[in-house]
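# The following block contains a protein sequence and its predicted model.
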Amino acid sequence: MDYHEIITKLHSLTNPENVKGMARYGINQHNNLGISIYVLRPLAKEIGTNHALALKLWDSQIHDARLLACFIDDPAQVTSEQMDAWAEDFDSWDICDQACTSLFDLSPLAYDKVFQWAGKEKEFVKRAAFSLVAGLAVHDKTATDQDFEDFFALCTTHSIDERNYVKKAVNWALRNIGKRNFSLNKKALKTAIEIKNIDSKSARWIAADAIRELTSPKVQQKLERKKKKK
C-alpha cells in the first residue's frame with residue numbers, strides 16, 4: 001500500500017461523529033478524520049514498518065495519518081532532528097502520547113530527549129518529555145533503577161506548571177516509575193511527598209493523585225507478584 005492509497009483509505013474511513021466525541025476529550029479537531037485508534041493499529045500492521053512512508057504520512061498534516069506514522073515508523077531509523085521536528089508539530093495530547101509511547105520511547109535517543117524537552121516552554125513539547133518517561137517506565141525492561149531515579153528531580157521541578165497537559169504528564173510519569181518495582185515505588189512516593197509540600201495547586205494535585213495510586217492495594221499486590229517472579 002503506497003502513500004496515495006493510504007490517504008485515500010483514510011478518507012474513506014472518515015467519521016465526523018467521532019471527531020465531535022474526540023473534541024470532548026480535548027483532542028484537536030483540525031484535520032481530524034475521526035478514525036479510531038482501534039482501526040488505525042490493524043491498518044498499521046497491514047502496512048508494516050516503513051520509515052520513509054511514516055515521514056510522508058506525518059508531512060500530510062492529517063491527524064489520523066500522523067497517528068498511523070507513529071505506528072509504522074522504525075525507531076532504529078528515527079533521528080534526533082525528526083524527534084524535535086515532530087515534537088514541535090504536536091498539537092494534541094493524543095498525537096504527543098502516541099508518538100512518545102509507541103515510537104520515540106523505543107529509540108536510544110529517548111533518555112536525552114526527556115531532559116531536552118522538559119526545559120522547553122511549549123506545552124506539548126514539555127508534555128512529550130514526561131510522556132516519554134511514562135512510556136520508558138513501561139517498555140524499557142533493561143533500564144536500571146538509576147535511569148529512572150534521574151527523572152525524579154524533573155518531576156519535582158516541573159510539578160508547578162499549572163498547564164493541564166503538562167501537570168497530567170508529570171503525574172503520569174511519576175506514577176509509572178513507581179509501578180516498576182518496590183524500590184522505585186518507595187522513591188516515587190518520597191518524591192510525591194516532597195512535591196505535595198510545594199506551594200502550588202498543580203503540585204498538590206500531582207502528589208495526591210500519585211500517592212493515592214502508588215499506595216493502593218492493587219499496585220502493591222502487582223509489585224509483590226513482580227517480586228515473586230524474579
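Done, it's in.
# how far does the helix or strand that contains residue 171 sit from the chain's center?
If you go by DSSP states H and E, residue 171 is part of helix 164-178. Remark: helix 164-178 is offset 10 Å from the chain centroid, using CA atoms, centre = their mean, to the nearest Å.
# Counting by contacts, list what that helix packs against.
Secondary-structure packing of helix 164-178 (3 or more CB pairs under 8 Å, 6 or more residues apart in numbering; DSSP states H and E): helix 123-139, helix 152-157, helix 182-196, helix 201-214. Heads up, the C-betas are built off the backbone N, CA and C, glycines and all.
# okay, these in JSON lines with mean neighbour count and distance to residue 50 next?
What follows is those, written out as JSON lines (neighbours: other CB atoms under 10 Å; distance: least, CB to CB, whole Å):
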{"stretch": "helix 123-139", "mean neighbour count": "24", "distance to residue 50": "21"}
{"stretch": "helix 152-157", "mean neighbour count": "18", "distance to residue 50": "33"}
{"stretch": "helix 182-196", "mean neighbour count": "18", "distance to residue 50": "36"}
{"stretch": "helix 201-214", "mean neighbour count": "19", "distance to residue 50": "37"}
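# Distance of residue 47 relative to residue 65?
11 Å (CB to CB, to the nearest Å).
# neighbour-wise, which of these two wins?
residue 65 (23 against 19; other CB atoms under 10 Å).
# which secondary structure element contains that one?
helix 63-72.
# Would you map out the domains in this protein?
The chain breaks down into these domains under automatic domain parsing: 1-74, 92-230.
# of all these, which lies closest to residue 85?
Residue 85 lies closest to domain 1-74 among those, at 8.7 Å (CB to CB).
# so how far is the closest one off the chain centroid?
Using CA atoms, centre = their mean, the offset of domain 1-74 from its chain centre is 17 Å.
# The worst-scoring helix or strand of the chain on mean pLDDT: which residues count as buried?
Using mean pLDDT, DSSP states H and E, the weakest-scoring helix or strand in the chain turns out to be helix 16-24, at a mean of 86. Neighbour counts over helix 16-24 (16 or more other CB atoms under 10 Å) mark 18, 19, 22 as buried.
# One more: stretch 155-170?
155, 156, 158, 159, 160, 161, 165, 166, 167, 168, 169, 170.
# And that stretch, end to end?
End-to-end distance for stretch 155-170: 6 Å, by CA to CA, to the nearest Å.
# contact partners of that stretch?
26, 93, 96, 118, 123-124, 126-127, 129-131, 134, 173-174, 191, 194-195, 198, 200-203, 205-207 (CB atoms under 8 Å, 6 or more residues apart in numbering).
# re earlier: now the angle between helix 63-72 and the least confident helix or strand of the chain, please.
80 degrees (axes from the mean of the first three to the mean of the last three CA atoms, to 10 degrees).
# In the very next helix or strand once past helix 16-24, which residues are buried?
On the C-terminal side of helix 16-24, the nearest following helix or strand under DSSP H and E is helix 37-47. Buried residues in helix 37-47, defined by neighbour count with 16+ other CB under 10 Å: 40, 43, 44, 47.
# and the angle for helix 37-47 with helix 16-24?
If you take the same axes, to 10 degrees, helix 37-47 sits at 110 degrees to helix 16-24.
# Just the CA trace of helix 37-47, in CSV.
In CSV, the C-alpha atoms belonging to helix 37-47 read as follows (Å, rounded to 0.1, in the frame of the first residue of the first chain):
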residue,chain,number,x,y,z
ILE,A,37,-7.1,4.1,17.1
TYR,A,38,-8.5,0.5,17.1
VAL,A,39,-8.9,0.9,13.3
LEU,A,40,-5.5,2.5,12.7
ARG,A,41,-3.5,-0.1,14.6
PRO,A,42,-4.6,-3.0,12.4
LEU,A,43,-4.1,-0.9,9.4
ALA,A,44,-0.5,-0.2,10.6
LYS,A,45,0.1,-3.9,10.9
GLU,A,46,-1.2,-4.4,7.3
ILE,A,47,1.2,-1.7,6.0
